[in-house]
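> sequence first, predicted model second:
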Amino acid sequence: MEETEESYTNRKCSPKTRSLRGMVNPHNYHHHHHHHHQQQLLQHSNRIGFSNQKHYQTYPALLPLPPTIPMQLTVTSPFSQNQSFRPKTHLQEPPWKQNNTPLATSSDVQVPNSTVSPAPEGLRRQTGLPFRGKDGRRVVCATPQPLLAARRPDSGGIEGPVISLLANHFLVQFDPSHRIFHYDVEISPNPTKEVARIVKQKLVEDNSVMLSGALPAYDGRKNLYSPVEFQNDRLEFFISLPIPYGKSLLPTGETMDSQEKHPQLKLFGIKIKLVSKFDGRELSSYLSKEGDDWIPLPQDYLHALDVVLRETPAEKCITVGRSLYSSSMGGAKEIGGGAVGLRGFFQSLRPTQQGLALNVDFSVTAFHESIGVIPYLQKRLEFLRDLYQRKTRGLTSEEKNEVEKALKNIRVFVCHRQTVQRYRVYSLTEEATENLWFKDRDGKNLRLVNYFKDHYNYDISFMNLPCLQISRGKPCYLPMELCMICEGQKFLGKLSDDQTARILKMGCQGPRERKAIIDGIMAGPVGPTSGIQGREFKLHVSREMTRLNGRILQPPKLKLGDGGHVRVLTPARHDRQWNLLDSHVFEGTRIERWALISFGGSADQKSNIPKFINQLSQRCEQLGIFLNKNTIVTPQFEPMKVLNNVCQLESKLKRILRAASNNLQLLICVMERKHKGYGDLKRIAETSVGVVSQCCLFPNLGKLSSQFLANLALKINAKIGGCTVALYNSLPSQIPRLLQLDDPVIFMGADVTHPHPLDDTSPSVAAVVGSVNWPAANKYVSRMRSQTHRQEIIQDLSAMVGEILDDFYQEVSKFPKRIIFFRDGVSETQFYKVLQEELQAIKAACSRFPGYKPPITFAVVQKRHHTRLFPNETNPSSTQNQLFNENIPPGTVVDTVITHPREFDFYLCSHWGVKGTSRPTHYHVLWDENQFTSDELQKLVYNLCYTFARCTKPVSLVPPAYYAHLAAYRGRLYLERSDSTTFTRSASTISRPAPPKATPLPKLSENVKKLMFYC
């Protein structure tokens, strides 16, 4: 949980993981293990479950459905819809190149997810990635790598007083000479991941001699790592496990109990083949900075260590990406709407300056509640709350769309027969249950309702609801009332505001509490040091957090206005905030022609509008901003329903513009509550009408606090072309070696926002912003483009940068001498690709102007990482003890010990964290033709954080990246029309051959194009 600055909202769900010069992070191999206690399978539970979750045994065991049900759904990975959270690694071959074993014929077997395989040859050639010959020795391709990430220019910065810190990195000591043997595992018929782990466990128990007494680590798929060599390079085994069959037909009248007394054994064939042998010498050499710069991180060895350290936690927890969740860590907590919050932890191996480190952090996420589908729908959808009281009700087409959206891609199991089979919901049937018929194996037509009565003596209650359709092709029906949501599924869908607030509250711990939780995880029964696996592989993981020193950068002096005079201010408070009580903004605007429209609101609320206009105008005046006390048009009062009707909304706004003689600077919109029509309003105002708008809510008009009015005034001023604050000592005076007053510099930011995880068709939206004034560098223009669905590389970057350079030239009458480019939202697996393609695009944009080749610095900015910094409580009995429960101060920078062993990166906490534990921002410089020193770049970034237009405090993210994020979010709003039904129409990710062509964004009006309308 993060600070109270205007929220830097959650966006792309691509995790930030470390990769070096385009190589893939081993941490991204981690697949989703839904672990399941061995005893459960041996006791023939009627489904796969989790040992740490509660079980439901309230339904009778009934007989199986006819075997005509085709099990095509099992091709899907348990979390395939969440691929946006975990980018595919470069080292995973595309599905059509994988040598998966053929589909098993028995219906209770799932096809495995994509297997981890060595890097495709093309990647090796491209990047010089070493690979191994048959003897396991590394062979390095002769082709040199075209691009290298920037090296650290010095041994770190020296400016600022030192602060003693702790980081949630735990040193991992390994024996470089110890060999690891990598085996490929093929299990037939293909089991689920849970079953595969049981098979592996039984294999190890029964075949100790053949496996040389080893306790190997297994990733649940194809990879097995052993600390000793097995007896042979190729081994074959057969293992029998008592697993209930999905289609086992029981004699009529036989109960579930008698089935349990006579379990049916299932036979698995296991083939094990030696793939390679490796040791830790290259990793040791890499970490100690020996050897050539271009030799990449030895991913195979790191991946092996990662599987080893994950083995025990993965057996006891639910795995989601690189995080593990367990109800033993404080229990599941209902957050409403059919979801529960589970506590867990994130773990990831990272190469750092101190050596190999395990980054462990506390984590909370939402899961679907494992209850019956009917009670789930009652909790999830308001209109079905009374379903049990109205069992005969059907669904309107709109309601059916909502139900389908809520259930699509969720895995369920049936409770009317004994099976471990799980089904993924594909859609709902067109017909209600009472009207459904299907053909049995003899081709005879059977009515579904009669079938359940005849075979199971079960009367279906909800006859008018549709059934779940769990196949893409043939009819494959499951009545909702006989299905339950499988446990351990990360919540699909967008959390409501209430759910989000509850999840954030679960994960909102102050520094001291969070540190105690992480220390508890490291020493606890499910943590990374809880098993014996580490000792088997000669690993030692410290249980002590890393001690290190940071530095506190000093705040810059700021320039504010004072009735035409400049006022100097140094933010001296501990949180570095400043106030404008007796000051003006640095540059106030004049707003002569403006209008107000309101939507909804009670008679009392509407009567507050004149008072609101008067007080806002006064507050603006106090801040040095002129807002005419009279609107150019009489305030318009509209009902909320206008926001549901795009055409009506557009005509109302255009009428206001005509009444203002087509000359309007600002439109203030007051709404009764948050509404999805907000996006339509912004799109219409900024593209069709050509006016900047500022929205606010009626409830806030009741109190009219000075702070609320000031915040509104600052946003309006920034949008109309003013600025709140400027640096007193200009950037050239602070970094004289590189920056000069006469040689302007442009700061650019770029971000891509992706559609919601359940949306598999909408375009992604890319935004680029650039500063257009120098040396103040506090006004930015933007460009937004839609692009291919979930494409992270900015496709039209060259054109966008070129247009911004044109704008810069028009404002400054020169092209920028240097380009400093901050790229937000890139996961570490994509560093190399982004550097290669986007740096080239920036250079191509410059080359359009004859002889123009400015030096470029390209830095990736990351907020979604798991490194946390804590004050080091050296003396707990100190009188200053209360300070240790506070966050690290603004300006705290760390560029040693926990940073990259070779590359130019640093952590900077530029803001004051009021709630929870501050998350420092990670800046990783991939390219630096400007040759910054550590001190220069850190000072530059920290200074810029004080120039954000919307608030009077330093923000957590460098403003160009922050503005790019806001602009990309605005572009996404343009696409999400309130009258569309994007999600319900969308096809399955698997069936769609390629993403559809991106719908272009509507063209911005010339009136707003050069303004910061997005802030």
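The structure has been received and is ready for your questions.
> how about low-confidence regions in the stretch 151-300 of the chain?
Within the stretch 151-300 of the chain, the ranges that satisfy pLDDT under 70 run 243-264, 291.
> swap the cut-off to 50 and go again
Across the stretch 151-300 of the chain, the ranges flagged by pLDDT under 50 are 245-261.
> strands of that one, start to end?
Assigned by DSSP state E, counting those that start in this stretch, the strands in the stretch 151-300 of the chain fall at 162-167, 169-174, 180-188, 217-218, 223-226, 234-242, 265-278.
> quick one: least confident helix or strand in this structure?
Least confident helix or strand, the chain: helix 121-127 with a mean of 36, by mean pLDDT, DSSP states H and E.
> where exactly do the helices run in the stretch 351-500 of the chain?
Shown for the stretch 351-500 of the chain, the helices assigned by DSSP state H, counting those that start in this stretch span residues 373-380, 397-407, 448-456, 497-506.
> contacts made by the longest one with the rest, please.
Counting by C-beta atoms under 8 Å, 6 or more residues apart in numbering, the neighbours of helix 397-407 from elsewhere in the structure are 338, 373, 377, 380-381, 383-384, 395, 425, 427-428, 466, 468, 493, 758, 981, 983-984. Heads up, the C-betas are built off the backbone N, CA and C, glycines and all.
> right, and V897 touches A357 too?
No. V897 is not in contact with A357 according to C-beta atoms under 8 Å; the separation is 9.1 Å.
> which residues are common contacts for these two?
Residues touching both V897 and A357 by C-beta under 8 Å, 6+ apart: T546.
> more neighbours, the two?
The residue with more neighbours, out of V897 and A357, is A357; 25 against 19, by other C-beta atoms under 10 Å.
> close enough to count as contact, N644 and Y678?
No. Assessed by C-beta under 8 Å, N644 is found out of contact with Y678, at 11.8 Å.
> more neighbours: which of the two?
Between N644 and Y678, counted using other C-beta under 10 Å, the more crowded position is Y678 (18 against 15).
> just the element for K654, please.
According to DSSP states H and E, K654 maps onto helix 646-659.
> N717: which of the strands of the stretch 151-300 of the chain is closest?
Shortest distance between N717 and the strands of the stretch 151-300 of the chain, using C-beta to C-beta, is found for strand 162-167: 35.5 Å.
> then the closest one to PDB, C-alphas only?
Output in PDB follows, covering the C-alpha atoms of strand 162-167 (Å, rounded to 0.1, in the frame of the first residue of the first chain):
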ATOM      1  CA  VAL A 162      24.100   9.000   5.100                       C
ATOM      2  CA  ILE A 163      21.100   7.100   6.500                       C
ATOM      3  CA  SER A 164      21.300   3.500   7.900                       C
ATOM      4  CA  LEU A 165      18.700   1.200   6.200                       C
ATOM      5  CA  LEU A 166      17.500  -2.300   5.900                       C
ATOM      6  CA  ALA A 167      16.300  -3.900   2.600                       C
END
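> partner strands of it, parallel or antiparallel?
Sheet pairing of strand 162-167 (DSSP bridges) gives strand 546-552 (antiparallel), strand 869-871 (antiparallel).
> mean pLDDT, mean neighbour count and distance to L241 added to those strands, as a markdown table?
Shown next, in a markdown table, are these (pLDDT from 0 to 100; neighbours: other C-beta atoms under 10 Å; distance: least, C-beta to C-beta, whole Å):
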| stretch | mean pLDDT | mean neighbour count | distance to L241 |
| --- | --- | --- | --- |
| strand 546-552 | 98 | 19 | 43 |
| strand 869-871 | 97 | 23 | 46 |
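> CSV please, covering the strands of the stretch 151-300 of the chain and showing distance to S288 and mean neighbour count.
Output for those, formatted as CSV (distance: least, C-beta to C-beta, whole Å; neighbours: other C-beta atoms under 10 Å):
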stretch, distance to S288, mean neighbour count
strand 162-167, 20, 18
strand 169-174, 13, 19
strand 180-188, 20, 21
strand 217-218, 26, 26
strand 223-226, 24, 25
strand 234-242, 37, 14
strand 265-278, 18, 17
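> these: which one's closest to N930?
strand 162-167 (27.4 Å).
> I'd like the distance from the closest one to the chain centre, please.
In terms of C-alpha atoms, centre = their mean, to the nearest Å, the centre of strand 162-167 is found 28 Å from the chain centre.
> what lies in contact with that strand?
Residues outside strand 162-167 that contact it (C-beta under 8 Å, 6+ apart): 515, 545-552, 867-872, 874, 888-889, 892, 894, 897-898.
> still on that earlier bit, give the ChimeraX command for selecting the buried subset of the contacts of helix 397-407.
Remark: buried members of those, expressed as a ChimeraX selection using 16 or more other C-beta atoms under 10 Å:
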select :338,373,377,380,381,384,395,425,427,428,466,468,493,758,983
